[in-house]
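Participant: Pasting a predicted model and its sequence here:
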Amino acid sequence: MLKRHARAACTALAAAGLLLAGTGGAVADQAPAPAVPSAAATLRTADAPPELLAAMQRDLGLTPTQAKARLVNEAEAGATAARLRDRLGAAFAGAWVDGADAGTLTVATTRAGDTAAIRAAGARARLVARTLADLDGAKAALDRAAGPATPVRYVDPRSNTLVVEETEAGAAARLLAATGTDAARVTVVRTAQAPRPLYDLRGGDAYYMNGSGRCSVGFPVTKGTVNGFATAGHCGRAGTTTSGFNQVAQGSFQASVFPGNDMAWVAANTNWTSTPYVKGSGGTNVQVAGSVLQPVGASVCRSGSTTGWHCGTIQQHNTSVTYPEGTISGVTRTTVCAEPGDSGGSYISGSQAQGVTSGGSGNCSSGGTTFFQPLNPILSAYGLTLKVGGSDPGPGPGEPEPGGTWKAGTVYAAGATVTHGGATYRCLQGHQAQTGWEPPNVPALWQRV
């Protein structure tokens, strides 16, 4: 443990408003139905601040045009992959984006009959041997038996295998033997570095625990009338007091989980107010507009109180990491660097909050690998509302009368169903619902069933 002291974008869907009249089959004139927003419009990629685009160009080697296109393509790819995952069901084997501008989406399936539908949706199809659910099940067995010598385990959809990192020769083989896992499912990677928690109200700002250790604010939140922020669980336990970046009394940890997960939230006193911002390059504000988790291969930027603002890509979701203190599961692996004191800080993709810094290896001089605890489970576990900015988009086209089970502030996982305006919808991408994101308004997030 380290502790710091003192494809082209899809177009918006539209429907031509032509209806057959009741007599003679004649076509009656009718105004075209208004367009519904694309995924890129929903996630407000056009509002990406210059400092975020500049960091993407620096850390991902992009041109300005590629950086802007990448955010659009990632948003559309996430929505397309979500729809295909819903359609493929148990045969779904993962999805990822490739290319400097993330212009290529690949979706894997174990069922040959699915490939035509995948291509029709504009994605590349890959036929593989194992489903995502199968590999996730195998990983769960390894997670229960893993130790520090096999610190990282994740499903790699590109290779359709379960990857196990080992710090000493033979450690992975012993783990596979102990769990009865088929070695054909597994890729073993030797690593010289083991992840560790990065110890150390605007995302990325410093805060201090009990006047000594330092971590970083994840995302400002509210709970009723209380302001506060989400952060990493290993930074403090319930009751741990905090002071802000200016060493002024700030609040205290209300709840914390570590290991198992790496999540916590801090309630601030009345001198502190939550804002919808993450600290960007040079101290500028990067606005947060939602919490839609982005796909493998998408760009992601991190803000922390030690190393500031750095970008990279999402490598895998649902990764398990064994620290000396124990195993945490469900974290996301990234190529973003971090150092002690960055723990708890913000990961953001475009305008969408992704998670809070847990741990990693390497540093920001030589490069590294880091893991973040996804934000939506924190919001859901503690009943928090992410502080978001931007204007309310207002009612969507042809929006039905309100009503039903959908509710702003609820965290919905992919596959959840709600009713709204007399219709039923299935969630395509996990997110915290907010006003303006009612199911009929955001086809990138909800599909009518």
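Facilitator: Ah, there it is.

Participant: Quick check, residue 441 in contact with residue 38.
Facilitator: No: counting by CB atoms under 8 Å, residue 441 does not reach residue 38; the two are 11.9 Å apart. The way it works is simple: take the backbone N, C-alpha and C, and place the C-beta from them, glycine included.

Participant: Residues that sit against both of the two, list them.
Facilitator: Residues within reach of residue 441 and of residue 38 at once, by CB atoms under 8 Å, 6 or more residues apart in numbering: there are none.

Participant: In what element of secondary structure is residue 215 found?
Facilitator: Assigned by DSSP states H and E, residue 215 belongs to strand 213-216.

Participant: An error on my part: the question was meant for residue 56.
Facilitator: Secondary structure (DSSP H and E) places residue 56 in helix 50-60.

Participant: Buried ones in that helix, by neighbour count?
Facilitator: Buried positions in helix 50-60, judged by neighbour count with 16 or more other CB atoms under 10 Å: 51, 52, 53, 54, 55, 56, 59, 60.

Participant: can you check stretch 241-255 too?
Facilitator: For stretch 241-255, the buried set under the neighbour-count rule, 16+ other CB under 10 Å, comprises 242, 243, 244, 245, 250, 251, 252, 253, 254.

Participant: Of these, which belong to strands?
Facilitator: Counting by DSSP state E, the buried residues of stretch 241-255 place 242, 243, 250, 251, 252, 253, 254 in strands.

Participant: Tell me, how many residues neighbour residue 364?
Facilitator: The number of residues packed around residue 364, counting by other CB atoms under 10 Å, is 17.

Participant: In contact with the residue nearest to it when sequence neighbours are not counted, which residues?
Facilitator: Excluding its sequence neighbours, the residue lying closest to residue 364 (CB to CB, 6 or more residues apart in numbering) is residue 337, at 4.0 Å. Counting by CB under 8 Å, 6+ apart, residue 337 makes contact with 307, 310, 312, 360, 362, 363, 364, 367, 368, 370.

Participant: Closest one of these to residue 326?
Facilitator: Distance to residue 326 across those (CB to CB) is lowest for residue 360, with 16.5 Å.

Participant: Check which helix or strand the closest one maps to.
Facilitator: Assigned by DSSP H and E, residue 360 belongs to strand 352-363.

Participant: roughly how far out does the next helix or strand after that strand sit from the chain middle?
Facilitator: As assigned by DSSP H and E, the chain's next helix or strand after strand 352-363 is strand 367-374. The chain centroid and the centroid of strand 367-374 are separated by 12 Å under CA atoms, centre = their mean, to the nearest Å.

Participant: In strand 367-374, which residues are buried?
Facilitator: 368, 369, 370, 371, 372, 373, 374.

Participant: How many residues are close by the nearest residue to the fifth one once chain neighbours are set aside?
Facilitator: With sequence-adjacent residues excluded and distances taken as CB to CB, 6+ apart, residue 372 is closest to residue 355, at 3.6 Å. In terms of burial, residue 355 registers 32 neighbours under the definition other CB under 10 Å.

Participant: ok, now which ones touch residue 429?
Facilitator: With contacts defined as CB under 8 Å, 6+ apart, the neighbours of residue 429 are 78, 79, 82, 292, 293, 414, 444, 445.

Participant: who does the helix or strand sitting right after the strand holding residue 215 along the chain pair up with?
Facilitator: Under the assignment DSSP H and E, the closest C-terminal helix or strand after strand 213-216 is strand 219-223. Here strand 219-223 is paired, per DSSP bridges, with strand 226-231 (antiparallel), strand 385-386 (antiparallel).

Participant: These: which one's closest to residue 72?
Facilitator: Comparing the strands paired with strand 219-223 by CB to CB, strand 385-386 comes nearest, at 22.5 Å.

Participant: Could you give the separation of that closest one from the chain centroid?
Facilitator: The answer for strand 385-386 is 15 Å, by CA atoms, centre = their mean.

Participant: next one: stretch 188-207
Facilitator: From the chain centre to the centre of stretch 188-207 is a distance of 17 Å (CA atoms, centre = their mean).
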